[in-house]
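*Asks:* I'd like to go over a predicted model; first the sequence, then the structure.
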Amino acid sequence: MSAFVDQSGKVALSIFDDLFEGKFGKQRKEVLQGPKFGVDTSVIDLGSGQGLVVSSDPLSLIPSLGLKESAWLSVQLLVNDMATSGHAPQFAQFTLNLPPELSKDDFKTYWGYIHEFCSDVGVAITGGHTGQIPGQNSTIAGGGTMFLKAPLERIISSAGVSGGDAIIVTKQAAMTASSILAKSFPHTVKEHIGEALLHEAQDNFFRTSVLQEAQIAASTLAPKVELRAMHDATEGGILGAIDEMATAANCGFIVDNELLPIHGVTAKVCEVFEIDPRFSVGAGSMIIATAPSCEDALIHNLADAGIAAQCVGYFKNAPTEKYIIENEEKVPFQFDGKDPYWEAFFKALTNKLT
């Protein structure tokens with residue numbers, strides 16, 4: 001039996017609590033935000049009012065997706081996590097455990113894009129580890145860590161939610177899941193939804209950065225006072241991200257299903273692979289918690305920048321009160337932590353879809 005039973009992707013809350021709770025090494029007073037389910041960034045007090053924000057994520061190397069696309073995912077998912085602090089990352093370290101089958105030319109292409117995408121967002125690569133591992137045939141090529149330094153009073157985390165805060169969702173659900181599936185299995189997607197929609201779904205892939213909306217949020221609203229928390233919608237999708245924010249802050253929430261941004265092409269691709277876009281990998285969409293009555297100003301400024309956003313619900317004080325309104329009925333929210341994208345992706349590979 002594997003360590004995490006039959007679950008692919010990020011572990012669920014129950015597994016995190018069972019295996020990690022209370023086992024985080026020596027406790028140091030400088031660690032203001034340490035490991036916690038639903039929190040992607042740690043915060044360390046550097047003194048003099050300055051803080052160090054740190055975040056780690058897997059690095060992608062998906063042959064069916066492409067080297068440029070794999071490098072984009074590797075860099076951008078790290079950048080998105082760091083952006084939830086309200087700031088852009090500054091430094092990065094990468095560990096690469098590569099398959100022997102990867103050629104030197106392909107690695108030079110892959111790393112060239114890592115360098116390019118880091119440069120584009122102002123990130124300096126400060127070190128890491130590189131090697132190749134016999135038998136390594138995973139789509140995960142290693143891991144990366146990014147860092148930034150900023151005033152502590154302007155650093156937020158996904159655990160900063162309070163009851164009554166508005167829940168704003170940017171762009172649309174399942175952008176990453178649907179665009180990767182469209183790029184990895186284009187003939188299947190084209191057969192079901194047509195060539196024009198196939199290209200529209202594929203084009204969403206390079207629209208999965210949330211750095212711009214994070215910076216707009218941090219400049220529009222006062223961090224920690226009006227801008228409470230941010231969380232990018234990765235594994236578990238937009239509803240999984242909202243649930244993680246509530247769990248991290250010991251809060252509940254109520255969300256109106258009809259207000260969730262599930263647009264035409266992403267919904268159609270998700271239908272082809274029979275996955276729920278609300279719970280599927282959604283990098284490119286940011287979940288933003290604002291103090292009551294602050295949501296309209298932020299939504300207005302995001303719209304001015306061409307970023308669609310809307311309020312879909314509110315956080316609640318009671319952690320047991322997690323609800324979703326479906327068909328005008330308030331029902332308890334339920335999610336087992338399993339992102340349906342992973343099973344769909346590997347099922348498509350097994351079935352040799354193209």
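*Replies:* Received, thanks.
*Asks:* sec struct for the most centrally placed residue in the chain, please.
*Replies:* The residue lying closest to the centre of the chain (CA atoms, centre = their mean) is residue 234, at 2.8 Å. Of the three states, residue 234 takes coil according to DSSP: H, G, I helix; E, B strand; the rest coil.
*Asks:* ok, the residue lying closest to it once chain neighbours are set aside - how many residues close by?
*Replies:* Excluding its sequence neighbours, the residue lying closest to residue 234 (CB to CB, 6 or more residues apart in numbering) is residue 283, at 5.2 Å. From N, CA and C alone the C-beta is placed, and that goes for glycine too. The number of residues packed around residue 283, counting by other CB atoms under 10 Å, is 25.
*Asks:* same check, this time on the one 4 residues further on
*Replies:* Applying other CB under 10 Å, we find 26 other residues in the vicinity of residue 287.
*Asks:* my guess is it contacts residue 236, does it?
*Replies:* No - applying CB atoms under 8 Å, one finds residue 287 not in contact with residue 236, separated by 10.9 Å.
*Asks:* Secondary structure element for the residue lying closest to residue 207 once chain neighbours are set aside, which one?
*Replies:* Closest residue to residue 207 apart from its sequence neighbours, by CB to CB, 6+ apart: residue 284 at 5.8 Å. Using DSSP states H and E, residue 284 falls within no helix or strand.
*Asks:* Next, residue 231: secondary structure please.
*Replies:* Following three-state DSSP, residue 231 is assigned to strand.
*Asks:* meant to ask about residue 94
*Replies:* Here residue 94 is recorded as strand under three-state DSSP.
*Asks:* Tell me what it is bridged to.
*Replies:* Residues in a beta bridge with residue 94, per DSSP bridges, are residue 128, residue 144.
*Asks:* Now do the contacts for it.
*Replies:* Contact analysis of residue 94 by CB atoms under 8 Å, 6 or more residues apart in numbering lists 59, 74, 114, 125, 128-130, 142-145.
*Asks:* Buried members of these into PyMOL, please.
*Replies:* Entered in PyMOL, the line below selects the buried ones among the contacts of residue 94, by 16 or more other CB atoms under 10 Å:
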select buried, resi 59+74+114+125+142+143+144+145
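*Asks:* Any chance of the contacts of residue 94 in TSV with pLDDT and distance to residue 178 as columns?
*Replies:* Shown next, in TSV, are the contacts of residue 94 (pLDDT from 0 to 100; distance: CB to CB, whole Å):
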residue	pLDDT	distance to residue 178
59	95	22
74	95	19
114	97	24
125	98	30
128	96	31
129	96	33
130	95	32
142	95	26
143	97	25
144	98	24
145	98	28
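*Asks:* okay if I get the contacts of residue 94 as a markdown table plus distance to residue 108?
*Replies:* Output for the contacts of residue 94, formatted as a markdown table (distance: CB to CB, whole Å):
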| residue | distance to residue 108 |
| --- | --- |
| 59 | 16 |
| 74 | 15 |
| 114 | 11 |
| 125 | 15 |
| 128 | 16 |
| 129 | 18 |
| 130 | 12 |
| 142 | 17 |
| 143 | 21 |
| 144 | 18 |
| 145 | 23 |
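*Asks:* Closest one of the contacts of residue 94 to residue 3?
*Replies:* residue 143 (16.9 Å; CB to CB).
*Asks:* Spit out the contact partners of that closest one.
*Replies:* Counting by CB under 8 Å, 6+ apart, residue 143 has contacts 56-59, 94-95.
*Asks:* at 7 Å what do you get?
*Replies:* The contact partners of residue 143, taken as CB atoms under 7 Å, 6 or more residues apart in numbering, are 56-59, 95.
*Asks:* just the buried members of those?
*Replies:* Among these, those buried by neighbour count (16+ other CB under 10 Å) are 57-59, 95.
*Asks:* hey, where'd the helices end up in the protein?
*Replies:* Using DSSP state H, the helices of the chain run over 13-20, 67-83, 104-120, 175-184, 186-193, 195-203, 211-220, 237-248, 264-272, 295-304, 340-350.
*Asks:* Can I get those in TSV including distance to residue 89?
*Replies:* Formatted as TSV, the helices of the chain follow (distance: least, CB to CB, whole Å):
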stretch	distance to residue 89
helix 13-20	24
helix 67-83	4
helix 104-120	9
helix 175-184	19
helix 186-193	32
helix 195-203	25
helix 211-220	9
helix 237-248	19
helix 264-272	27
helix 295-304	21
helix 340-350	25
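*Asks:* Of those helices, give the one that comes closest to residue 324.
*Replies:* Among those, the nearest to residue 324 by CB to CB is helix 237-248 (7.5 Å).
*Asks:* got the angle between the closest one and helix 175-184?
*Replies:* On the basis of axes from the mean of the first three to the mean of the last three CA atoms, to 10 degrees, helix 237-248 is oriented at 140 degrees to helix 175-184.
*Asks:* Which residue, neighbours along the chain excluded, lies closest to residue 160?
*Replies:* Computed as CB to CB, 6+ apart, the closest residue to residue 160 that is not its neighbour in sequence is residue 229, at 3.9 Å.
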